[in-house]
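Asks: Just to be clear, the model below is a prediction. Sequence and coordinates:
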Amino acid sequence: MKKIFSIVFALTLMFVFSSCNKPVTPDTNEVWLSSLNEAIEHGLQTEEASLLLTQEYQGIHYALIAKVGGEVALARINKKDKGYLWERVTLYLGIPSYVGAEFTTESGEKIPIIIGITEKTSKKVKLERGSRTVVLDVHNGHYIGFDLSIKGRSFTVTVIE
């Protein structure tokens, strides 16, 4: 059973890694809005999704969103002279506890990200792999970790608060 789970998990990761290099937007019309909040509201309405959490990383705002069935996706809100633009950067995924993805920014930087789900009452999780330990805040049972590649061994996830 473990071997089947490992194979399914590996195939899921390959699918995620291959699908996350370019933004995935539901419509081809770019809609630039005047504020971050307007862009988030427009994105949620377009995606027919709810907002789980937002987080800023290196000056870019990210939103973890969910469909009614529980599948989650990651979007980013880009700011330029035109205003704010919502872009979904992953496909919708059903994730067992966490899934890793890597995507390329407009500047060409590759950012590895981990998106995870845990108990709704949790406040923090600890991700451990070898000597590397990272503590992430949990928001309503969800967390995002930036610059956390899962190439090689996976993380052990422990709820610490």
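Replies: Alright, I've got the coordinates.
Asks: got a pLDDT number for the residue most central in space within the chain?
Replies: Compute the mean C-alpha point of the chain, and by C-alpha atoms, centre = their mean the closest residue is residue 74, 3.9 Å away. Looking at residue 74, its pLDDT is 90.
Asks: and the nearest residue to it once chain neighbours are set aside, how many neighbours?
Replies: The shortest distance from residue 74 to any non-neighbouring residue, by C-beta to C-beta, 6 or more residues apart in numbering, is to residue 90 (4.7 Å). Quick note: C-beta positions are derived from backbone N, CA and C, even for glycine. Residues within reach of residue 90, counting by other C-beta atoms under 10 Å, total 21.
Asks: how about the strands of the chain, start to end?
Replies: Using DSSP state E, the strands of the chain run over 32-33, 50-57, 60-66, 72-80, 83-88, 98-104, 110-117, 124-129, 132-137, 142-146, 156-159.
Asks: now for the ones you listed, which one comes closest to residue 39?
Replies: strand 83-88 (3.7 Å; C-beta to C-beta).
Asks: With residue 79 as the reference, measure out to residue 106.
Replies: 11 Å (C-beta to C-beta, to the nearest Å).
Asks: Tell me which of those two has more neighbours.
Replies: residue 79 (15 against 11).
Asks: which residues sit in contact with that one?
Replies: 36, 60, 61 (C-beta atoms under 8 Å, 6 or more residues apart in numbering).
Asks: Touching, the last one and residue 85? I think so.
Replies: The reference is to residue 61. No: applying C-beta atoms under 8 Å as the test, residue 61 and residue 85 come out as separate, 11.0 Å apart.
Asks: low-confidence ranges in this structure?
Replies: 1-29, 95-96, 150-153 (pLDDT under 70).
Asks: picking that back up, if I look at residue 61 and residue 85, which residues touch both of them?
Replies: residue 77.
Asks: burial measure for residue 58, as a count.
Replies: 10.
Asks: go on, residue 38?
Replies: 16.
Asks: Excluding chain neighbours, what is closest to it?
Replies: Using C-beta to C-beta, 6+ apart, the closest residue to residue 38 is residue 84 (6.9 Å).
Asks: List the contacts of the one you found.
Replies: Counted by C-beta under 8 Å, 6+ apart, residue 84 has contacts 32, 33, 34, 35, 36, 38, 39, 77, 78.
Asks: Got a PyMOL select line for the buried ones in these?
Replies: The buried residues among the contacts of residue 84 can be selected in PyMOL (16 or more other C-beta atoms under 10 Å) with this line:
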select buried, resi 32+33+36+38+39+77+78
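Asks: With that, I have no additional questions.
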